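Novice: no sequence on this one, just coordinates:
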């Protein structure tokens, strides 16, 4: 399995974990009367991850792969077109979610029903997108892309990797993800 493809599969697993954490944070925000004051901060951290990592690294690489895949006699072009459109929808929805939660953080009035509706739609869009790629597109990637295709994709990925999003920045977002998905550790009382 190609290293770029392996990374994309790993990214999907990590994004699904982050969506699970995000949903739990939302439950903590909307579903409990005894809210943890750190919940909003964690939600903003999760949104920062969703704003930067997929849009700056993951989706541009997928777009290169999808473009290459469309040069092949693939059987499900519509799924590829749909995923490409969803990349734009996800970027727009993420900006909207950030705006809503930064408004909340700054004590602006945001209707609870508006915020909950936006959150539910956002999580659904993200999950639907990952599912579409995993079930309809990634099998075609495995079937149709050969060694020469991957060499060309590697060259293109090197060209789009900017100093703005280098390996150290990627590690920051991986660290953020790992920090957010860690189960809470029990606090030990000191006697």
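Specialist: Structure received. Computed from a predicted structure; not experimentally measured.

Novice: for the protein, which spans come out with low pLDDT?
Specialist: Within the chain, the stretches with pLDDT under 70 are 1, 32-37, 161-170, 173, 183-191.

Novice: what's the distance between the host helix or strand of residue 99 and the middle of its chain?
Specialist: Residue 99 belongs to helix 77-105 when assigned by DSSP states H and E. In terms of CA atoms, centre = their mean, to the nearest Å, the centre of helix 77-105 is found 10 Å from the chain centre.

Novice: and residue 120, what does it touch?
Specialist: Listed by CB atoms under 8 Å, 6 or more residues apart in numbering, residue 120 has no contact partners. In short, each C-beta sits where N, CA and C put it, glycine included.

Novice: that older thread, any idea of the angle the following helix or strand past the helix holding residue 99 forms with helix 77-105?
Specialist: Counting by DSSP H and E, the element after helix 77-105 in chain order, helix or strand, is helix 112-132. Taking axes from the mean of the first three to the mean of the last three CA atoms, to 10 degrees, helix 112-132 and helix 77-105 form an angle of 150 degrees between their directions.

Novice: Okay, buried residues for the strand or helix carrying residue 68 please.
Specialist: In this assignment (DSSP H and E), residue 68 forms part of helix 59-69. Neighbour-count burial for helix 59-69, counted by 16 or more other CB atoms under 10 Å, picks out 59-62, 64-66, 68-69.
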